[in-house]
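> Sharing a model that was predicted from the sequence below.
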Amino acid sequence: MTTAPLADSAAGPHVIDGKAIAAALRARVAEATADVRRVHDFQPGLAVVLVGEDPASAVYVRNKGKATTEAGLRSLEYKLAADTPEEDLLALVEKLNRDDGVDGILVQLPLPGHVDADKVLNAIDPAKDVDGFHPVNVGRLWTGEPALAPCTPTGCMRMIRGVMPNISGKEAVVVGRSNIVGKPMAAMLLAESATVTIAHSRTHDLRERCRTADILVAAVGRPEMIRGDWVKPGAVVIDVGINRVPKPDGKSRLVGDVAYAEAAARARAITPVPGGVGPMTIACLLENTLVAACRRRGVTPPDL
Ligand code: NAP
């Protein structure tokens with residue numbers, strides 16, 4: 001991928017434009033998908049399963065379906081009632097596992113309380129696990145074997161590499177240890193030889209730890225928790241947080257986990273919210289689906 005030039009610090013930090021980077025990645029996925037369809041005669045397919053009517057999840061699923069079709073992949077959507085028994089959901093996952101036209105399976109989280117989410121995610125064929133949450137893919141990611149890796153941290157890595165091509169030896173602090181973001185993010189930074197600290201709600205002196213970071217990734221879910229003076233001058237700051245906070249006029253606005261203006265005054269490069277990490281997630285999902293489709297058919301996946 002191309003490396004964006006960094007702004008000179010007098011002119012402020014380089015604002016990492018996730019929207020533009022994601023659009024470029026989606027265009028490359030579309031091109032590579034057209035190539036595999038022409039040369040190898042298959043169309044990668046992504047099946048998304050939504051259980052219940054959570055409005056945010058419904059929007060995500062709609063956006064995923066649209067992006068999938070736009071990239072030339074086949075999109076299948078399964079919308080199930082909120083009271084669907086766990087065994088029916090497991091039976092659907094089994095059916096999709098066996099369907100040769102389905103290369104990626106994504107079960108939208110959160111699932112209703114009566115369903116054991118781990119049981120459902122663990123039932124997905126690891127070769128079709130485009131969310132990268134199956135223990136087999138988690139293990140492969142940590143041991144350095146080819147894996148399908150979670151989309152959000154994969155997108156973060158692309159953005160970090162874009163502004164810091166040599167991550168080796170850098171100090172990285174990841175705030176948050178979820179299986180979806182924090183832990184896989186740490187694994188990916190470690191794989192590129194950063195020295196990684198994973199911080200969480202029990203970490204002492206979080207501010208001091210953050211101040212050591214050449215790469216600071218915030219995945220906490222607390223609006224603007226990371227202040228400007230937690231940022232080492234010249235750091236690359238990746239804000240994964242998406243928090244809706246009320247405005248005085250009764251409406252709401254989106255903010256990240258980082259106090260943007262303060263952090264931007266010290267960072268070398270920083271992602272905004274919205275328009276930073278968010279758009280990368282779907283683009284990386286499309287890439288994972290294409291990669292899964294190629295690997296399942298013994299075709300070398302394109303290097304995007
Ligand atoms: P999560 O599962 O709730 O995990 C939050 C993590 O933050 C936990 O590890 C928690 O520590 C830690 N934490 C909470 N309060 C803390 C504090 N005061 N100091 C230090 N650490 C603290 O959340 P997630 O799923 O990783 O998501 C994190 C954020 O990213 C959310 O805002 C979410 O909406 C956003 N997100 C964005 C995308 C995207 O596409 N851009 C994708 C996924 C998530 P403990 O483990 O000790 O409780």
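Right, received. Where do you want to start?

> how near is the residue lying closest to G72 once chain neighbours are set aside to the ligand?
Leaving out its chain neighbours, the residue that sits closest to G72 by Cβ to Cβ, 6 or more residues apart in numbering is T33, at 4.3 Å. Glycine gets a C-beta too; all of them are placed from N, C-alpha and C. The gap separating T33 from the ligand is 22 Å, by Cβ to the nearest ligand atom, to the nearest Å.

> Also H40?
Using Cβ to the nearest ligand atom, H40 is found at 31 Å from the ligand.

> quick one: the residue nearest to G72 from A81, how far?
Going from T33 to A81 by Cβ to Cβ, to the nearest Å gives 33 Å.

> higher neighbour count, the two?
T33 (23 against 11; other Cβ atoms under 10 Å).

> Can you dump the C-alpha atoms of the helix or strand where that one lies in CSV for me?
Assessed by DSSP states H and E, T33 sits inside helix 18-40. The C-alpha trace of helix 18-40 is given here as CSV (Å, rounded to 0.1, in the frame of the first residue of the first chain):
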residue,chain,number,x,y,z
GLY,A,18,-10.1,6.3,7.2
LYS,A,19,-12.9,7.1,4.7
ALA,A,20,-10.4,7.6,1.8
ILE,A,21,-8.2,4.6,2.8
ALA,A,22,-11.3,2.4,3.1
ALA,A,23,-12.7,3.6,-0.3
ALA,A,24,-9.3,2.8,-1.9
LEU,A,25,-9.2,-0.7,-0.3
ARG,A,26,-12.8,-1.4,-1.4
ALA,A,27,-11.9,-0.4,-4.9
ARG,A,28,-8.9,-2.8,-4.8
VAL,A,29,-11.1,-5.6,-3.5
ALA,A,30,-13.6,-5.0,-6.3
GLU,A,31,-10.8,-5.1,-8.9
ALA,A,32,-9.4,-8.3,-7.5
THR,A,33,-12.8,-9.9,-7.2
ALA,A,34,-13.4,-9.1,-10.9
ASP,A,35,-10.1,-10.8,-11.6
VAL,A,36,-10.9,-14.0,-9.7
ARG,A,37,-14.3,-14.1,-11.4
ARG,A,38,-12.7,-13.8,-14.8
VAL,A,39,-9.7,-16.0,-14.3
HIS,A,40,-10.9,-18.6,-11.8
